[in-house]
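*Asks:* how does the following fold in three dimensions:
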Amino acid sequence: MGKYVRIISECYLWGVDILIFVTLGTQDRKFDRLLAAIEKQIENKVITEEVIVQAGCSSNFKSKYMKIFDLIPMDEFDKLISKCNILITHGGVGSIITGIKNNKKVIAAARLKEYGEHQNNHQLQIIENFAREGYILPLNDFDSLDEVLKNAKKFKPKKYESNTDNFIKLVEKEIDNW
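*Replies:* Next up, the predicted model:
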């Protein structure tokens, strides 16, 4: 509970203009591999921005530089999304779409089965599809995070367009033809 109190008070006081927000989702498995890659880029002075992390189960990761929290209340989460310049996230559809809908530069990294981060490697396909369409930048090799961050500075993500109306028309047409 103490972490929530700290989050609320800090979020209202943040005067940071340049911010990287990292969200690792709510999986019951750690994603320390991504946090270690980010920490390395901060140490190498590639990342000079403030880095705030919603770490979920990786909240025990020890960082000299990042502000790490387990879960952030939704209203504070939304403020961080709107304020961040770059969103670094796992390959979950919800996190990626949240970034896209908010016109953010999204860097996505897949949780992988071989590291015990997920049950399978489906996040690779999710990231590949979003990247192919021009919505996000994939982080396939954690040692190349510095290059992906450099590319993010000039990256112009494709704008999100809802397809809900077309989907409803398609479903109505199918129902009518049934």
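
*Asks:* A strand includes Asp78, no?
*Replies:* No: under DSSP: H, G, I helix; E, B strand; the rest coil, Asp78 falls outside any strand and is assigned helix.

*Asks:* what score does it have for pLDDT?
*Replies:* Looking at Asp78, its pLDDT reads 92.

*Asks:* go on, the one 3 residues further on?
*Replies:* Ile81 is assigned a pLDDT of 94 by the prediction.

*Asks:* I figured Leu19 hits Ile81, correct?
*Replies:* No: the pair Leu19 and Ile81 fails to qualify as a contact (Cβ atoms under 8 Å) at a distance of 10.2 Å. For the C-beta atoms, the positions are set from N, CA and C on the backbone; glycine is no exception.

*Asks:* I'd say Lys113 and Asn121 touch.
*Replies:* Yes: at 5.4 Å, Lys113 counts as touching Asn121 under the criterion of Cβ under 8 Å.

*Asks:* distance of Trp178 from Asn166?
*Replies:* Between Trp178 and Asn166 the computed distance is 19 Å (Cβ to Cβ, to the nearest Å).

*Asks:* look at the two and report which has more neighbours.
*Replies:* Here Trp178 and Asn166 are compared on neighbour count by other Cβ atoms under 10 Å; more neighbours surround Asn166, at 10 against 5.

*Asks:* that one looks like it's in a strand, true?
*Replies:* No: counting by three-state DSSP, Asn166 is not part of a strand but helix.

*Asks:* what's the following helix or strand after the worst-scoring helix or strand of the chain on mean pLDDT?
*Replies:* Within the chain, no helix or strand scores below helix 2-13, which has a mean of 47 by mean pLDDT, DSSP states H and E. Counting by DSSP states H and E, the next helix or strand C-terminal to helix 2-13 is strand 19-23.

*Asks:* which elements pack onto that next one?
*Replies:* helix 32-43, strand 50-54, helix 74-83, strand 86-90 (3 or more Cβ pairs under 8 Å, 6 or more residues apart in numbering; DSSP states H and E).

*Asks:* and that strand, which strands flank it?
*Replies:* When pairing is defined by DSSP bridges, strand 19-23 lines up against strand 50-54 (parallel), strand 86-90 (parallel).

*Asks:* export these to TSV and tack on mean neighbour count?
*Replies:* What follows is these, written out as TSV (neighbours: other Cβ atoms under 10 Å):
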stretch	mean neighbour count
strand 50-54	23
strand 86-90	26
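
*Asks:* mind checking which of these is nearest Pro73?
*Replies:* Closest approach to Pro73 among those is made by strand 50-54 (10.2 Å; Cβ to Cβ).
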